[in-house]
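# Could you work out the structure for the sequence below:
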Amino acid sequence: MVSETWAPEINGVAHTLRRLSHELIRHGVTLDVIRPRPAVSMRAETGAAVPVRAELHVPRLGLPGYRDVQIGLATPGRLRRFFQTQRPDVIYLATQGPLGLAARQAALNAGIPVVAGWHTNFDHYCHDYGLAWLASTTRRYLRHFHNGCTLTLAPTQQQVSDLAACGIRRVCHLSRGIDGECFSPAKRDPALRRSWQAGEHQPVALYAGRLAAEKNLTLVQEAFHAMEAVRPDMAQVIVGDGPARQQLQDALPNAYFTGFLPQAELARHYASADIFVFPSLSETWGNVVAEAMASGLCVVAYHHAASAELINNGDNGITVAVEDQPAFINASVSLCQQPARYTRLGRTARLRALEQRWSDIARQMLTYLQHAQESYHASSSSCRIRPS
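Take a look at the predicted model:
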């Protein structure tokens with residue numbers, strides 16, 4: 001596995017790779033990792049370390065103004081030498097930055113099949129950070145990057161279709177899982193709710209995720225204000241951290257800001273809330289949606305990524321059309337006034353989330369890796385794997 005982020009760093013990609021790695025190892029896979037040298041200052045997610053066979057650390061470079069995002073720097077020659085001493089059967093590229101590109105080149109030179117994951121919508125980020133002029137160039141680069149791989153794995157069926165429409169070939173569907181024991185309504189804590197000044201019958205609305213421009217935080221702010229107008233006793237909880245935290249704190253003076261939380265505390269906070277408000281459109285998947293659903297929360301989200309895959313609107317959560325901000329706010333306001341409804345939807349949400357088992361997803365990934373290996377060696381010019 002080659003990735004510019006890795007556990008114990010806190011982000012969706014690192015979390016997904018850690019869970020997939022543990023499950024693949026359980027299925028008999030031997031794993032090597034190439035990643036940037038860990039930064040001591042980075043906040044860490046709890047969880048068992050991945051027992052890898054070999055690990056290569058490369059120099060890291062943090063992005064200006066966004067210290068938690070890093071890229072790895074390595075030459076194809078250095079990576080090729082590592083592959084010669086620890087030759088893999090197949091390489092999985094989790095990120096498409098300089099490290100991923102160097103690894104792809106080294107693998108092609110060494111005759112090793114490469115499978116890429118689609119974990120981040122980089123072209124979307126261009127618009128969020130005022131770099132819309134870079135979006136078309138980014139899309140061309142991503143098309144070049146992924147079409148040089150044997151296979152690309154995307155987390156939703158919609159993403160598979162979107163990437164194919166953009167000219168990326170050989171894209172298959174690989175979903176994401178959830179730990180239903182860790183994230184559970186059983187973790188609900190009345191004492192934690194009291195610390196939020198919330199009794200058992202007062203609604204608690206929660207947002208969890210990075211506090212940054214790409215998460216559409218202005219809509220979190222607007223939704224919370226509108227909900228508070230009809231339910232002044234409602235508690236507001238913001239879990240996470242990032243460059244937009246101070247701005248959001250100024251806009252939501254009545255909200256409780258927790259910063260980053262270790263997994264056990266995160267699970268307790270989910271389960272102690274009632275409604276999960278998540279307006280982001282930057283996710284390829286969105287682990288927090290599945291975590292909230294497994295914790296028994298009713299999710300309000302756009303019909304996008306994990307929300308589109310997991311939520312049947314009105315049955316186990318609420319989704320609205322993408323970028324329909326009035327509908328999002330109205331859904332949030334309506335829901336916070338209907339405790340029986342958000343309780344019922346949260347109960348059915350957990351049942352749906354529990355269908356997302358990491359063990360099943362790892363088995364599917366292993367099948368893709370094996371097929372990629374067979375296909376590469378059968379024909380280096382084409383891949384005969386059909387998208388699932």
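# quick one: Asn254 from Ala229, how far?
12 Å (Cβ to Cβ, to the nearest Å). Glycine gets a C-beta too; all of them are placed from N, C-alpha and C.
# no wait, Ala271
In terms of Cβ to Cβ, Ala271 sits 27 Å off from Ala229.
# same check, this time on Val115
49 Å.
# So which of those two has more stuff around it?
Shown here are Val115 and Ala229; by other Cβ atoms under 10 Å, Val115 has more neighbours (25 against 10).
# just the strands in this structure please.
32-36, 54-58, 60-63, 66-72, 91-93, 114-117, 151-154, 171-173, 204-208, 235-239, 256-259, 275-278, 298-302, 318-320 (DSSP state E).
# so for the first one, what's the average pLDDT?
It stands for strand 32-36. Taken as a whole, strand 32-36 has a mean pLDDT of 96.
# Without its sequence neighbours, what residue ends up closest to Trp358?
Of all residues not flanking Trp358 in the chain, Gly177 sits nearest, at 3.3 Å (Cβ to Cβ, 6 or more residues apart in numbering).
# Isn't the one you found up against His22?
No. Using Cβ atoms under 8 Å, Gly177 is not in contact with His22, being 10.8 Å away.
# shared neighbours of the two, anything?
Trp358 (Cβ atoms under 8 Å, 6 or more residues apart in numbering).
# Let's test this: mean pLDDT of the top helix by length along the chain, rounded?
In the chain, with assignment by DSSP state H, the single longest helix is helix 358-378. Taken as a whole, helix 358-378 has a mean pLDDT of 94.
# Does anything pack onto it? Which helices or strands?
Helices and strands touching helix 358-378, by 3 or more Cβ pairs under 8 Å, 6 or more residues apart in numbering; DSSP states H and E, are helix 12-26, strand 114-117, strand 151-154.
# which residues touch the first one?
For helix 12-26, contacts defined as Cβ under 8 Å, 6+ apart pick out 1, 3, 5-8, 31, 45, 47-48, 50-52, 94-95, 119-120, 176-177, 179, 283, 285-288, 358-359, 361-362, 365-366.
# which of the residues in it are buried?
By neighbour count on 16 or more other Cβ atoms under 10 Å, the buried set for helix 12-26 is 12-25.
# same question, stretch 333-352
In stretch 333-352, counting by 16+ other Cβ under 10 Å, buried: Val333, Leu335, Cys336, Pro339, Tyr342, Leu345, Gly346, Thr348, Ala349, Arg350, Arg352.
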